[in-house]
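1. 3D, please:
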Amino acid sequence: MSATQMSFDAMSSKDKNLLSPKKLLLSKWTAVKPSHKRKHFLVSKVILPELPEAAIEFVELEAVFDQHSQIIPWRELKNTEVWLQGWV
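-> Purely as a prediction, here's the structure:
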């Protein structure tokens, strides 16, 4: 494998781990350990902070199974032991 290919592979795997809270709306997620038959989720809201210059901290996830919603810190979605991106 060439150095260029290795750099490209490293960059593309790094890019996959980057999440932007502004781009999470309507994204799909799978719970690694489903609870109450709630396995597939959709980001139904990005919770905007009270101060416009403050960073986005939370999103609302809605279960596809029963529309149960929960608010979580959006960075929690980066934890691959809890969440997988997409519906698996």
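
2. what secondary structure does the spatially most central residue of the chain sit in?
-> For the chain, the residue whose C-alpha lies nearest the mean C-alpha position (CA atoms, centre = their mean) is Leu77; its distance is 4.0 Å. Remark: Leu77 carries the secondary structure label helix [criterion: DSSP: H, G, I helix; E, B strand; the rest coil].

3. isn't it right up against Leu19?
-> Yes - the pair Leu77 and Leu19 passes the contact test of CB atoms under 8 Å, sitting 6.2 Å apart. C-beta coordinates here come from the backbone N, C-alpha and C atoms, glycine included.

4. C-terminal to the longest strand seen in the chain, what's the next element?
-> Assignment by DSSP state E gives strand 38-47 as the longest strand of the chain. Per DSSP states H and E, the first helix or strand lying C-terminal to strand 38-47 is strand 58-63.

5. what does that following strand contact?
-> Defining contact as CB atoms under 8 Å, 6 or more residues apart in numbering, one finds that strand 58-63 is touched by 21, 24, 29, 38, 40-47, 68-74, 77.

6. quick one: buried residues of the longest strand of the chain?
-> For strand 38-47, a neighbour-count test (16 or more other CB atoms under 10 Å) marks 38-43, 46 as buried.

7. include pLDDT when you put those residues into CSV, please.
-> As requested, these are exported to CSV (pLDDT from 0 to 100):
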residue, pLDDT
Arg38, 97
Lys39, 98
His40, 98
Phe41, 98
Leu42, 98
Val43, 98
Val46, 97
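
8. low-confidence stretches in this structure?
-> Low-confidence regions of the chain, defined here as pLDDT under 70, cover residues 1-17.

9. on that earlier part again, who's in contact with the residue nearest to the centre of the chain?
-> By CB under 8 Å, 6+ apart, Leu77 lies in contact with 19, 24, 29, 59, 83, 85.
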